[in-house]
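Attaching a predicted model along with its sequence, questions to come.
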Amino acid sequence: MFVQKLDEEHPASDGPADRAGQPGRPRSREAEDAILEATMLILAEEGYGGLTTAKIAARARASKSTIYRRWPSKEHLVLAAFDRSPPLEARDSGNLAHDLLDIVQQFVRLLRETPLGGALAALAAERAHNPSLAAAFDPWLTRRRQPTRQILENALVRGELPADLDIELALDLIWGPLLLRLVFPQAAVTPQAMTDLLRAALRGLGAR
């Protein structure tokens with residue numbers, strides 16, 4: 001499978017920041033955090049195609065060889081940056097609608113308060129024609145769906161949803177319309193809009 005290099009440049013020679021990360025020395029957490037934060041910001045601002053080692057190194061004030069040594073491909077770097085975003089927490093209040101609204105609100109806050117929103121839109125566009133990115137990114141998406149899957153499974157146990165529910169289809173019905181509005185804005189995502197979208201999805205799923 002083809003794996004895309006960060007760009008066509010050759011790694012630069014080590015600078016002071018690299019020498020601190022040579023074998024036998026602890027890698028600088030501060031430098032790694034700066035590189036991953038720069039990756040998210042550039043993705044959000046310039047898209048996947050605009051993400052290059054030179055731009056990341058300049059914004060993070062790190063050397064290019066540090067980036068090459070830590071992340072062998074563009075896909076590895078992007079996934080490492082996405083993995084830094086806080087996980088969603090599945091709560092069990094005993095009410096399906098309340099729990100879904102809670103996790104949706106968590107996600108909306110995450111998109112609005114971090115660069116994740118713009119970066120996610122960039123990857124969604126690139127994923128459609130980049131098989132290596134899709135192969136690397138899809139497991140991340142699967143993990144991100146797990147808290148909502150847990151909420152649905154809890155509701156199944158309580159009898160709030162039909163016993164023959166297709167959970168994967170249910171996840172698509174819950175998140176699809178919301179993500180469309182969040183990542184490709186067409187209308188304001190207000191609390192009332194979130195509630196209306198979830199209510200429509202639950203009606204379609206046959207929720208009690």
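Here it is on my side, so go on.

rest of the way, CA atoms for contacts and neighbours
Noted.

For the residue sitting nearest the centre point of the chain, give me the pLDDT.
Nearest to the geometric centre of the chain sits residue 82, at 4.9 Å (CA atoms, centre = their mean). We have a pLDDT of 89 for residue 82.

Check the one 4 residues further on too.
We have a pLDDT of 88 for residue 86.

And it, how far from residue 199?
26 Å (CA to CA, to the nearest Å).

So between these two, which is more surrounded?
Taking other CA atoms under 10 Å, residue 86 and residue 199 do not tie; residue 199 has more neighbours (16 against 10).

Quick check: closest non-adjacent residue to that one.
residue 97 (7.7 Å; CA to CA, 6 or more residues apart in numbering).

Just the CA trace of the helix or strand where the one you found lies, in CSV.
With secondary structure defined by DSSP states H and E, residue 97 is part of helix 96-113. In CSV, the C-alpha atoms belonging to helix 96-113 read as follows (Å, rounded to 0.1, in the frame of the first residue of the first chain):
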residue,chain,number,x,y,z
LEU,A,96,-31.5,7.7,25.6
ALA,A,97,-32.4,11.2,24.3
HIS,A,98,-30.6,12.9,27.2
ASP,A,99,-27.5,10.8,26.8
LEU,A,100,-27.3,11.4,23.0
LEU,A,101,-27.8,15.1,23.4
ASP,A,102,-25.0,15.2,26.0
ILE,A,103,-22.5,13.4,23.8
VAL,A,104,-23.4,15.6,20.8
GLN,A,105,-22.9,18.7,22.9
GLN,A,106,-19.5,17.4,24.0
PHE,A,107,-18.5,17.0,20.4
VAL,A,108,-19.8,20.4,19.3
ARG,A,109,-17.7,22.0,22.1
LEU,A,110,-14.7,20.1,20.9
LEU,A,111,-15.1,21.3,17.4
ARG,A,112,-15.6,24.9,18.4
GLU,A,113,-12.9,25.2,21.0
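
Flag every buried residue along that helix.
96-97, 99-108, 110-111 (16 or more other CA atoms under 10 Å).

so who does residue 90 touch?
Shown in contact with residue 90 (CA atoms under 8 Å, 6 or more residues apart in numbering): 99, 103, 147-148, 150-151.

What are the phi and psi values at it?
phi -80, psi 120 (degrees, to the nearest 10).
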